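Peer 1: Let me see the structure of the following:
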Amino acid sequence: MATAPSPTPHAPGPGAPDPHALAARIRALAQAAGFQRVGITDVQLSAEDIAHLRDWLARGQHGGMDWMARHADLRADPRALQPGTLRVVCVGLDYGQDPDAAWQALADGERAYVARYALGRDYHKLLRNRLQKLAEQVQAEIGPFGYRAFTDSAPVLERALARNAGLGWIGKHTCLIDRDGGSWFFLGELFVDIPLPVDPPASAHCGSCTRCIDICPTRAIVAPYRLDARRCIAYLTIEHDGPIDEDLRPLIGNRIFGCDDCQLVCPWNKFARRTDEPDFRARNGLDRATLAELFAWDADEFLRRTEGSAIRRSGHERWLRNLAVALGNAPTTPAVLAALASRRDHPSPLVREHVAWALARHAARADQAAARQPNAS
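Peer 2: I've put the predicted structure just below:
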């Protein structure tokens, strides 16, 4: 973690670059560090942003993510999170991949679909390390200053800050969209105590488009710019730690960790840049693995194969729960049925319950198919 900001705002010494020159230098260093976009904003969030957050929490649409409510005040005021902060340097790092490959995986019911961001290395450490190095480079040029790096690692209202810094607008699916680069990018922030000039905020360009709302498998986008996490596949497969609502299970399809549908259909993503960042390349064949293959991983293999991956945060039990749901939605094949049968007596009640649901689903299909057969004469 970066050093903490100094108690008082940083005052450039004699010979230090003027704020505009320093801001330009920070942008150049950020781009040299591998960030495709960078912008600077102040710490003032709008009353509308804060009201939206509080209303979302009041409606319970954050689901079981209790930390969202516990730290609402810190999200609403970056200065409370890190005293002394005057500006936020917002950065974006592309992770875009071939959308056709994503659609092909979704169309094959026996394959597992993993959100594109989670196919490779966990982005948090990579992004944080780059932000830390960026701060150290700036410090080497201007002397000590207060800073702290964040990458989805603290209560930061990062999309609002990134919008204010000009990186993009918050789309109807609640992801940030850059009109020149789509939405396939990670966000990071560097809180600093330097009074840099700020960039103009991004304007919105969703217009009348509702493709993201229309395609959402579970209708989690309940209104433009409002996501009900309790119905969101990303929340259900990653954050939620209990049984998945039976009404939602058939809608999850073969998505076992996250969901990208709303981004895949966004017309602005035709401008998204594909990346060949080595850390974001698919590991363990996750871009082509079958559900049965992944369901066979025991706890030790799961830990070994997900080392350095965002997937590890789900834990082996939830991993099997998610796969059981997807296997229940898969075509009825010997491989699918054998995989489910292998976990019928799993020690975890959570896993057993979802396996039983999946097997019952296949049995019901078999009964329906038999009923449609003409009676033998």
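
Peer 1: The nearest residue to residue 35 once chain neighbours are set aside in helix, strand or coil?
Peer 2: Leaving aside its chain neighbours, residue 35 sits nearest to residue 91 (4.2 Å; criterion: Cβ to Cβ, 6 or more residues apart in numbering). Heads up, the C-betas are built off the backbone N, CA and C, glycines and all. Under DSSP: H, G, I helix; E, B strand; the rest coil, residue 91 falls in the strand class.

Peer 1: who's in contact with residue 91?
Peer 2: 30, 35, 37-38, 127, 130-131, 134, 187-190 (Cβ atoms under 8 Å, 6 or more residues apart in numbering).

Peer 1: Adding distance to residue 301, pLDDT and secondary structure, write the residues you listed out as TSV.
Peer 2: Shown next, in TSV, are the contacts of residue 91 (distance: Cβ to Cβ, whole Å; pLDDT from 0 to 100; DSSP: H, G, I helix; E, B strand; the rest coil):
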residue	distance to residue 301	pLDDT	secondary structure
30	39	97	helix
35	35	96	coil
37	38	96	strand
38	40	98	strand
127	28	94	helix
130	31	95	helix
131	33	96	helix
134	37	97	helix
187	32	97	strand
188	32	97	strand
189	36	97	strand
190	38	97	strand
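
Peer 1: Any of these buried? List them.
Peer 2: Neighbour-count burial (16 or more other Cβ atoms under 10 Å) applied to the contacts of residue 91 gives 30, 35, 37-38, 127, 130-131, 134, 187-190.

Peer 1: Now tabulate these in CSV and tack on distance to residue 320.
Peer 2: Listed next are these as CSV, based on distance: Cβ to Cβ, whole Å:
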residue, distance to residue 320
30, 41
35, 37
37, 38
38, 41
127, 29
130, 34
131, 35
134, 40
187, 31
188, 32
189, 35
190, 39
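
Peer 1: Among those residues, which one lies nearest to residue 339?
Peer 2: residue 127 (35.4 Å; Cβ to Cβ).

Peer 1: which ones are touching that closest one?
Peer 2: 91, 93, 151, 186, 188.

Peer 1: Rank the residues you listed by pLDDT and give me only the lowest.
Peer 2: Lowest pLDDT of these: residue 151, 91.

Peer 1: I'd like the distance between it and residue 131.
Peer 2: 7 Å (Cβ to Cβ, to the nearest Å).

Peer 1: shared neighbours of these two, anything?
Peer 2: Shared contacts of residue 151 and residue 131, counting by Cβ under 8 Å, 6+ apart, come down to 188-189.

Peer 1: out of the contacts of residue 127, which one sits closest to residue 371?
Peer 2: Using Cβ to Cβ, the contacts of residue 127 come closest to residue 371 at residue 186, 49.9 Å.

Peer 1: so where does that closest one fall, helix or strand?
Peer 2: Residue 186 belongs to strand 185-192 when assigned by DSSP states H and E.

Peer 1: Export that strand to CSV, keeping only CA atoms.
Peer 2: The C-alpha trace of strand 185-192 is given here as CSV (Å, rounded to 0.1, in the frame of the first residue of the first chain):
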residue,chain,number,x,y,z
PHE,A,185,-11.6,-1.8,-18.7
PHE,A,186,-10.7,-1.9,-15.1
LEU,A,187,-10.6,1.2,-12.8
GLY,A,188,-8.1,2.4,-10.3
GLU,A,189,-7.5,5.6,-8.3
LEU,A,190,-4.6,7.5,-6.8
PHE,A,191,-5.7,9.9,-4.1
VAL,A,192,-3.2,12.7,-3.9
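
Peer 1: What is the burial count for residue 335?
Peer 2: 15 (other Cβ atoms under 10 Å).

Peer 1: again with the one 3 residues further on
Peer 2: Neighbour count of residue 338, defined by other Cβ under 10 Å: 12.

Peer 1: separation between the nearest residue to it once chain neighbours are set aside and residue 104?
Peer 2: In this structure, residue 338 finds its nearest non-sequential neighbour in residue 292, 7.4 Å apart by Cβ to Cβ, 6+ apart. Distance of residue 292 to residue 104, given as Cβ to Cβ: 18 Å.

Peer 1: Of the two, give the one with the bigger neighbour count.
Peer 2: Counted by other Cβ under 10 Å, residue 292 and residue 104 do not tie: residue 292 has more neighbours, with 22 against 14.

Peer 1: right, and that one touches residue 334 too?
Peer 2: No: judged on Cβ atoms under 8 Å, residue 292 makes no contact with residue 334 at a distance of 9.8 Å.

Peer 1: dump the residue contacts of residue 138.
Peer 2: Contacts of residue 138 by Cβ under 8 Å, 6+ apart are 22, 25-26, 29, 145, 147.

Peer 1: change it to 10 Å
Peer 2: Taking Cβ atoms under 10 Å, 6 or more residues apart in numbering, we find residue 138 in contact with 22, 25-26, 29-30, 89, 145, 147, 190, 192, 194.
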